[in-house]
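Undergrad: Prediction below, plus the sequence it came from.
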Amino acid sequence: MTAVTDTTNGKSNEHHDHHGPAKGLMRWVLTTNHKDIGTMYLWFSFIMFLTGGAMAMVIRAELFQPGMQIVDPGFFNQMTTMHGLIMVFGAVMPAFVGLANWMIPLMIGAPDMALPRMNNWSFWILPFAAVMLVSTLFMEGGGPNFGWTFYAPLSTTYAPPSTTFFIFAIHMLGISSIMGAINIIATILNLRAPGMTMMKMPLFVWTWLITAYLLIAVMPVLAGAVTMMLMDIHFGTSFFNAGGGGDPVLFQHIFWFFGHPEVYIMILPSFGIVSAILPTFARKPLFGYTSMVYATASIAFLSFIVWAHHMFTVGIPLVGELFFMYATLLIAVPTGVKVFNWVTTMFRGAMTFETPMLFSIAFVVLFTIGGFSGLMLAIAPADFQYHDTYFVVAHFHYVLVPGAIFAIFAAVYYWLPKWTGHMYDETLGKTHFWMSFIGMNLTFFPMHFVGLAGMPRRIPDYALQFADFNMIASMGGFMFGTTQLLFLFIVIKCIRGGEKAKDESWEGAEGLEWSLPSPMPYHTFTTPPDVK
Amino acid sequence: MSGKYRPPRMLQVARFRYGSIFQISRSLLLWLRSSNVLISLTRLNFRKRLSTQKGVGQSFSWLLASLSGFLIPSRVFADWEVNMTEGVTAVSKSIYDLHMAIFIICVVIGIVVFGVMFYSILMHRKSRGVKPHPFHESTLVEILWTTIPFLILVGMAIPATKTLIDIYDTDEAEIDIKITGYQWKWQYEYLGEEVSFFSNLKTPSEQIYNIRSKDPNYLLEVDEPLVLPTGKKVRFLVTAADVIHSWWVPAFAVKRDAIPGFINEAWTKIDRPGIYRGQCAELCGKDHGFMPIVVDVRTPEDYATWLNEKKEAAAKERELTSKDWTMAELMERGKKTYERVCAACHQVNGAGMPPIFPALKGSKMAIEKDQIKAHIDIVVNGKKGTAMQAFAAQLSEVDIAAVITYERNAWGNNTGDLITPKQILEYKQTGQYLSNEEHKAADTESSGKSPVDSQTTVNKPTLNPHQAGL
């Protein structure tokens, strides 16, 4: 991905004084180029993915057998917490911002992001935030150990001293996300090429536009929550302390008002990616474009009024339970529309199954399975049995691993030829897919069973009847984890060389990005293209 | 939806169909487990283990047993519990029915959607020479697949609403039990009966750290279970003393968060006597995985007998406070109490886990004479803003005296200080601490009148502000 070279601009011959990328390290520190920044986002998120993944390996190793073998319970809690935080804030969200940086200007015919200097800053905050977050593990008393949902008072009165650093890291990550979102909205609303009306935009652009609004709406809420924690810890307030007139449940309401839209932030861009890839490899247009846009908007709206379905057991009143149950069930309708549209897009096409297509089909199947368990969890009475068990862990890993991660893999394989000018190794790509697919299912499918049988989540040791499924899950986890090193190898191999990619790298590909040369020139669309 | 079909039978069919697949993979796993590969590796002595005859022999016999498992279809899947329990209450059964109904709906939708999808994958592939049909819109289908799921959801929401209303009806309970979550144990108070006790994990740490083999109820056993009668509506008042916990017994389908400063209600009415096990379901710190719940459900007659015995035992315990204790007796009791209550944080060897759980070994508070009062205070009242709880209500005076005596004389803290239960009671009542010598002096002055009147010694647990997190 770093091999962007200064070739002649394919679309414009007016500005011959174009400079290419600067040389050396300062190119990356000072860059305002959306492609450079997108590349940095993607590499950063991959490093975070491996870091969070290594923590998952520790978790699965400890859970391989009953009994405490490798880590102590306190460190185990730090691992589950950091795994969640790093994967959400370090891996998935930056990866999507990276893809947005790379692709949105190309898809709408813009020369760059609308606010390039802010773009630079919103990336460069991230590594410092991540270092601060990870450094808490080496502080006295250890890192955050209260789960990625950091419920008070476990995260305030009873938290380790490093929590203050955790709070500032969250603040910085939030600032970065908000700036990224502002930039994306400004770009989409202002820099579309002539003729590129809103309803002609690729779905990836649409889903990111809606995601960006979600980000702007909820990241400040998260910032508020952690600031209240900071006040409770250091300045004697009692927002979340019943002894001072506060309420621990208030924390959960605020957190999930952020948290539920947050899970859609991690899935909506995937919807866009899959809606780009399926039509390409089915060689027919996306079925129901308009309904896709409306379904995405409905999901985004509903995501604001369902938060308390994470809290069915905290003792909210009956009317509240009913409202949140009904609202949650409603989400199944637009989500269902999306799945039906994707399946119909494949129906009566002429499909081929290259790696991006394989990941996209797996996305549809596995995300739907995650959607089914989500539907089950929405039934409030049944949630009294599901809540905080491994069934929930299975559910959200089914929507996040195939949902977000598989879609990101699909996107990388899909656009890698465009970025590097080389085709990746198809055999290795398919190997990566099948190993990931099998590993992922081995890891997370048995978790449905142990969860239903009564295994609570976030425990370092478990009763004997859960032993066999946990061993299977661990073996699947190790398989999924090690396979990702193969992905690293494939990407590096592709950057360094390989079969030359055509401008339109895939036979059925549609969209402005394919009208540009491969590899991509450093500056593109300095003169807006004409969109018919 | 949930009226006609019989879910258990359906499940049996599933087990019959997939039993052999389960058997094969299970046998493989059992063999892997029996060969002790991981345990050996983690203890870094696998070379030694592999070379012993016993290890190899054991593996071989397991292999044989597993191979026979391939051939003999088994109808028992004790280790392969794959579904939610039906439970032993009306609520748990209706939740199970809801669960199976929504599950079957999902399976049917899944078969239809994935059926179409895999049909396309098989038939509509370029390699078969098909041409794509570029249709991309149909308002009719869009309307259909919006309304049909909506109607299914409405059909699902109706029975769910009924069950939920039932769950929230906590009126007319015959027995009230207050459940308080602590890091990391449960307290049960039988309201109006003056019976109250703590329920701690019973599994010894030798089993957790793989020094001894694990019992069948590993991590799901407690020193003193909650005892309930069958056929009576029991109301639970759930709260916590420190962080949020969640009291969950799957067989009753009762899961309620225990929130410090607030009281949640739940109820149950149990059909069958038996032992039912559950666990804390909300992350509550280091030992979240080690605070199980065990409920011993008995017939109403047996329950009444148990309750009476419990009341008598509580009265006896109160009398112990006025007894004269020797150093050896206190040390023995103190060691037991320490390992049960304190060792989770301060560790068996008193080294603690600084900075959150300070060391007691060699600590100023546990060795210096002028710190005895502070030592008593921190055990009795806890330390606000830290994980150190108030033990005034959790432990009897005898236990508190024994623990403090033990902490001041164990692990080389050989101070020789002996703290008596009377002194603890006195401290609780007056906030004063008098050493034994001062006591003797005071006693001779007041012509041998004991400052402690055993009649007024009430060890009834009261909720003090520290405990309630207030």
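TA: Looks like it came in fine.
Undergrad: CA atoms for contacts and neighbours, from now on please.
TA: Will do.
Undergrad: got the contact list for the nearest residue in space to A:Val226 that is not next to it in sequence?
TA: Leaving out its chain neighbours, the residue that sits closest to A:Val226 by Cα to Cα, 6 or more residues apart in numbering or on different chains is A:Ile167, at 5.8 Å. The neighbours of A:Ile167, taking Cα atoms under 8 Å, 6 or more residues apart in numbering or on different chains as the test, are A:Val226, A:Thr227, A:Leu230.
Undergrad: Can you lay out the residues you listed as TSV showing distance to B:Ser196 and neighbour count?
TA: Compiled in TSV, the contacts of A:Ile167 are given as follows (distance: Cα to Cα, whole Å; neighbours: other Cα atoms under 10 Å in any protein chain shown):
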residue	distance to B:Ser196	neighbour count
A:Val226	38	25
A:Thr227	40	17
A:Leu230	37	19
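Undergrad: And the contacts of stretch A:338-347?
TA: Outside stretch A:338-347, the residues within contact range by Cα under 8 Å, 6+ apart are A:275, A:278-279, A:282, A:284-288, A:292, A:295, A:364, A:368, B:113, B:116-117, B:120-121, B:124, B:136, B:145.
Undergrad: Mind checking which of the residues you listed land in strands?
TA: When the contacts of stretch A:338-347 are checked against strands using DSSP state E, none is located there.
Undergrad: From those, list just the buried residues.
TA: A:275, A:278-279, A:282, A:284-288, A:292, A:295, A:364, A:368, B:113, B:116-117, B:120-121, B:124, B:145 (16 or more other Cα atoms under 10 Å in any protein chain shown).
Undergrad: Find me the pLDDT at the residue nearest to A:Val226, would you?
TA: A:Ile167 is assigned 96 on the pLDDT scale.
Undergrad: Same question for the one 10 residues further on.
TA: pLDDT, the model's per-residue confidence, is 96 for A:Ser177.
Undergrad: what's the helix or strand for it?
TA: helix A:163-190 (DSSP states H and E).
Undergrad: in that helix, what's buried?
TA: Buried residues in helix A:163-190, defined by neighbour count with 16+ other Cα under 10 Å: A:163-185, A:187-188.
Undergrad: Quick check, central residue of chain B?
TA: What sits nearest the mean C-alpha location of chain B, by Cα atoms, centre = their mean, is B:Pro292, with 1.8 Å.
Undergrad: Output stretch B:299-308 as CSV, nothing but the C-alphas.
TA: Once side chains and other backbone atoms are set aside, the C-alpha atoms of stretch B:299-308 remain, and they are given as CSV (Å, rounded to 0.1, in the frame of the first residue of the first chain):
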residue,chain,number,x,y,z
THR,B,299,-40.2,-29.5,50.9
PRO,B,300,-42.0,-26.9,53.1
GLU,B,301,-41.7,-29.3,56.1
ASP,B,302,-37.9,-29.8,55.7
TYR,B,303,-37.5,-26.1,55.1
ALA,B,304,-39.3,-25.3,58.4
THR,B,305,-37.1,-27.7,60.3
TRP,B,306,-34.0,-26.2,58.7
LEU,B,307,-35.1,-22.7,59.6
ASN,B,308,-35.6,-23.6,63.3
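Undergrad: Show residues contacting it.
TA: Taking Cα under 8 Å, 6+ apart as the criterion, the residues outside stretch B:299-308 that touch it are B:Val195, B:Val227, B:Leu228, B:Pro229, B:Thr230, B:Gly231, B:Pro273.
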